[in-house]
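Trainee: Pasting the sequence and the predicted coordinates here, then a few questions.
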Amino acid sequence: MHLSVIIVNYNVKYFLEQCLHSVQKACLHLDAEIIVVDNNSTDGSRDFLTPLFPDVKFLWNSQNVGFAKANNLATANAEGEFILYLNPDTLVPEECFVKCLAFFEQNKSAGALGVKMIDGSGNFLKESKRAFPSPLTSLFKLSGLARLFPESKLFARYHMGHLSENDNHETDVLAGAFMMIRRKVLDEVGNFDEQFFMYGEDIDLSYRIQQAGYKNFYFAETPVIHFKGESTKRGSMNYVRLFYKAMSLFVKKHYSGTRAGIFTFLIQTGIFFRAVFTALGTLLKKTGLPILDAAIIFTSFWIIKFLWSTYIRQEINYSPNVIYIAFPVFTAIFLTAAYYSGLYDKGYKTSQLVKSTFFAALILLSVYALLPEKIRFSRGILIFGIMLSFMLLNIVRHLFIKWRYLETSNEGDERRQTIVVSGEKDFVAITMIMKNAGMPERVLGRVNVNAEESETAIGHIEQLPQLIKRYPVREIIFCENGLTYKEIINCVTIVKNAVRNKFHASGSNSIVGSDSRNYSGDYVARSKIYRIDKPINRRNKRLTDLLISIVFIAAFPVIVFVKKNIPGFYRNVLLVLMTKKTWIGYATDKNKLPELKRAVISSTSLPVDLNELPEESLLKTDSWYAASYSPFLDLKIIIRGFKYLDC
């Protein structure tokens, strides 16, 4: 056998589905095999992938053994003269493997080969070609000099910035995302070092290949898409810890003496600063916008108070209550309302800002009306302060959207933002996937895959740049049918960074994509979307549980007369308050729905133990509950099943 393609999967079944479609096409004219090792995925990969790819060899690990060990397991079962280690979040063009193997035939000294990789937006991924880490290259990278001088042979050596990304070169390090190696070389130097759980194993293997007298090559003639970030969350503290631990292990293994000491010091320094910046970045990502909103609200009220007392009601000396009570109260109410309305979730909607401001204003003005006359202050300050706050919050968000710091949701003009490059049959399939995912309104129209006129198309593929300018296009879905993967990759580089790109193999169940190397990939699947799985609804379900429990506690004098099992009832109240239970949950645990806490009563309004319906009926009831969830639905079920709340 000529080639064995080895892919390690961990909870990325939809990306792997698209990857395997492209790999199978690239293997059509080769004597090749495809081996997938699954590291105990919990996303249903086995049930999903096995029937779709009967010709792929699947190896199912009972635990996550790491990247190196999983690849070694597959290598032991591989029969090819060449081994390709490939990431699951990649798409390869049809001629990719043939061209790579031809390069090996022409370059007998080549021990291993990597290719030009681009992200989902068409940007070159610098890790496609790298130098071995050294104290000097690490210093330049950590100090930022490599970024300041990206093409310098000295300062940008780590990513070999002085070498063109469009030419073939001899290089030091090949990326584990695409690493093709002669089998005889692996037999000589050994497989991946299993001391490396994740990261660093590709550097170590590249080093050993060079030490054995072979050459590593960067091959630019067949670019591949690597979504970069779907399998690993690069911005996380876990990434920092694993990456620098791998670098330390590499240094200890291959360097010694003063060089190793300097390198270890730089690595530890890098760990410290990277950890600090990562922690700050994570904190700002989660709290930055709420903190900014709070500052805007305070500033707005201060401005209105100053103008009001200076130019309108000069004779009144306002109480400090205005500053110390009203302003913080409104801010707190606004932030709470914003949190539960989803204002800080991914995908900004103007309606969320309106809703948050309305509820905060309503509560504040209602409380103000109940205050004794002697501690009241100007209602005008409150009203105009709220209006200025809303205006400034709106302006800031529109600026953030313009500068691409904030992503919008599909409302208003954003509703019709997606065009699909495909034939008519696949366009129907893609729109059905979008419909099942709750996004039918996003599709603007179809772009024909050739220059022929079509009544159902808004244009043809050669007109893509013009179509993007003509229509409010924010996203393109490329379908592999009529288009080759090579043509798709070329299109992505042509419209680079102008739009978001997603990809769909004809006949597949999903659409995948990623905006850049720094963010986790995104997917749209044929499977049904459940409202209960959205962050805003999970928060609102928890809030509903909390408020209902508080009502039950306040209603104790009444509950005593209407419930028989008082201890059992208030035991459930306590468990719900402690987040050990939820008031409403599933009727059976055999469904594959978004996870919920153990329930007091189920979606049928009965406790789980009292459900006597057939399992099929219970599954349908649970599915309907998850798909239709709202706080009002929980209230309706609680009223209907009130007598069972003490069970």
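Mentor: Looks like it came in fine.

Trainee: nearest spatial neighbour of His162, skipping sequence neighbours?
Mentor: Excluding the flanking residues, the one nearest His162 by C-beta to C-beta, 6 or more residues apart in numbering is Lys153, at 4.0 Å. C-beta coordinates here come from the backbone N, C-alpha and C atoms, glycine included.

Trainee: Would it be right to say that that neighbour lies in a strand?
Mentor: No. Counting by DSSP: H, G, I helix; E, B strand; the rest coil, one finds Lys153 to be coil, located in no strand.

Trainee: For Leu163, see how far away it is.
Mentor: Lys153 sits 9 Å away from Leu163, going by C-beta to C-beta, to the nearest Å.

Trainee: which of the two has more neighbours?
Mentor: Leu163 (18 against 11; other C-beta atoms under 10 Å).

Trainee: Can you classify that one as helix, strand or coil?
Mentor: Relying on three-state DSSP, one would call Leu163 coil.

Trainee: Quick check: it touching Arg157?
Mentor: No. Look at Leu163 against Arg157 with C-beta atoms under 8 Å: they stay out of range, at 10.0 Å.

Trainee: which intervals of the stretch 501-647 of the chain have sub-threshold pLDDT?
Mentor: Residue ranges of the stretch 501-647 of the chain with pLDDT under 70: 515-521, 525-529.

Trainee: before we move on, what SS does Ile584 have?
Mentor: Secondary structure, three-state DSSP: Ile584 is strand.

Trainee: For Glu188, pull up the helix or strand it's in.
Mentor: For Glu188, the element it lies in under DSSP states H and E is helix 183-189.

Trainee: from the middle of its chain, how far away would that helix be?
Mentor: 37 Å (C-alpha atoms, centre = their mean, to the nearest Å).

Trainee: try stretch 166-178
Mentor: Put simply, stretch 166-178 sits 27 Å off its chain's centre (C-alpha atoms, centre = their mean).

Trainee: Mind listing what's buried along that stretch?
Mentor: Residues of stretch 166-178 classed as buried: Asn168, Thr171, Asp172, Val173, Leu174, Ala175, Gly176, Ala177, Phe178 (neighbour count, 16 or more other C-beta atoms under 10 Å).

Trainee: now the last one: how far from Thr431?
Mentor: The one in question is Phe178. 33 Å.

Trainee: ok, now the first one?
Mentor: Between Asn168 and Thr431 the distance, using C-beta to C-beta, works out to 42 Å.

Trainee: per-residue pLDDT, the residue nearest to His162?
Mentor: Listed pLDDT for Lys153 reads 75.

Trainee: what do you get for the one 10 residues further on?
Mentor: Looking at Leu163, its pLDDT reads 86.

Trainee: rewinding a little: chain center to the helix or strand just after the helix holding Glu188, what's the gap?
Mentor: Beyond helix 183-189 on the C-terminal side, the first helix or strand identified by DSSP H and E is helix 201-211. Between the centre of helix 201-211 and the centre of its chain there are 31 Å (C-alpha atoms, centre = their mean).

Trainee: Now do the buried residues in helix 201-211.
Mentor: Within helix 201-211, the residues that count as buried by 16+ other C-beta under 10 Å are Glu201, Asp202, Ile203, Asp204, Leu205, Ser206, Tyr207, Arg208, Ile209, Gln210.

Trainee: Output that helix in PDB with nothing but the alpha carbons.
Mentor: Extracted in PDB, the C-alpha atoms of helix 201-211 (Å, rounded to 0.1, in the frame of the first residue of the first chain):
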ATOM      1  CA  GLU A 201       5.500  16.100  19.500                       C
ATOM      2  CA  ASP A 202       5.800  17.400  15.900                       C
ATOM      3  CA  ILE A 203       8.900  19.600  16.800                       C
ATOM      4  CA  ASP A 204      10.500  16.600  18.500                       C
ATOM      5  CA  LEU A 205       9.800  14.200  15.600                       C
ATOM      6  CA  SER A 206      11.000  16.900  13.000                       C
ATOM      7  CA  TYR A 207      14.200  17.300  15.000                       C
ATOM      8  CA  ARG A 208      14.900  13.500  15.100                       C
ATOM      9  CA  ILE A 209      14.300  13.200  11.400                       C
ATOM     10  CA  GLN A 210      16.900  15.900  10.700                       C
ATOM     11  CA  GLN A 211      19.400  14.400  13.200                       C
END
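
Trainee: Could you list every helix and strand in contact with it?
Mentor: strand 110-118, strand 178-182, helix 183-189, strand 215-226, helix 237-254 (3 or more C-beta pairs under 8 Å, 6 or more residues apart in numbering; DSSP states H and E).

Trainee: Now do that helix: everything it contacts.
Mentor: With contact meaning C-beta atoms under 8 Å, 6 or more residues apart in numbering, helix 201-211 is reached by 67-68, 111-112, 130, 132-133, 172-176, 179, 181, 185, 189-193, 196, 216, 246, 250, 253-254.
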